[in-house]
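S.K.: fold the following.
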Amino acid sequence: MRLTKEQRKAQILEIATELFVAKGYHQTKTKDIAQACGITEPVIYKHFDSKDELFLEAIVNIAGETFQEISFDRETDTEVVLSSFVMNRVQKVEDHFSLFKRLLVELLENEKIRGYYFNKFLPRLANPIINYVDLLKEQGYLKDKVPSKVIALSLAGILLMVSMAKYLEDESAFSEISPQELAGQMLSISLHGLLNKEY
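M.R.: Numbers count the residues shown, from 1 in each chain. Below you'll find the model as predicted:
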């Protein structure tokens, strides 16, 4: 059966994701992806500009598009919304950590991927978060003095540190704490700080 353009792109992305996890970025060739899809290499490049883009699209496909699934209104507690977002992302990372681990390795070792990630991919993920934080500031839910970029980086930092603490090794200093509890405690620190008010 002939696939539509959208179906073919989804098929390429799904199979490429499986190969990236199993073999790593460097060992996964576009010809292998094409063969597994039953297509030729040029068909891949009709949907993706490069293997780099395909790799990072696999990350986006797993991670989801940041805040787009969250609708905020004045009736919703801001802390609940932010907590729900972080917890949802923690679950995504837990479910697909093999792929995220590949991304971490590539960011450390692959200059080309690193440049693509920071110049094209990261802004695509960060800008909706920053816009969302700006909206919360405008509505008076967040303080203005902390730059929105810093707040977005703080949320991303929680996800990264929970991932490293919980999933890189089977046993760690944080083994007795669930990922959700660890993320919740870190988010609480981020939102409320460490110092007692009377200090």
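S.K.: from here on, just use CA atoms for contacts and neighbour counts.
M.R.: OK.
S.K.: if I look at Lys5, how far off is Asp49?
M.R.: 15 Å (C-alpha to C-alpha, to the nearest Å).
S.K.: chain center to the host helix or strand of Asn61: distance?
M.R.: Assigned by DSSP states H and E, Asn61 falls within helix 51-63. Helix 51-63 has its average C-alpha position 10 Å from the chain's average C-alpha position, going by C-alpha atoms, centre = their mean, to the nearest Å.
S.K.: check stretch 101-121 too.
M.R.: On C-alpha atoms, centre = their mean, the centre of stretch 101-121 falls 13 Å from that of its chain.
S.K.: quick one: end-to-end distance for that stretch.
M.R.: 17 Å.
S.K.: now it: buried residues?
M.R.: The neighbour-count check on stretch 101-121 (16 or more other C-alpha atoms under 10 Å) flags Lys101, Arg102, Leu103, Glu106, Leu107, Ile113, Arg114, Tyr117, Phe121 as buried.
S.K.: next, the buried residues of the strand or helix carrying Val86.
M.R.: Assigned by DSSP H and E, Val86 belongs to helix 78-95. Within helix 78-95, the residues that count as buried by 16+ other C-alpha under 10 Å are Val81, Leu82, Ser83, Phe85, Val86, Met87, Arg89, Val90, Val93, Glu94.
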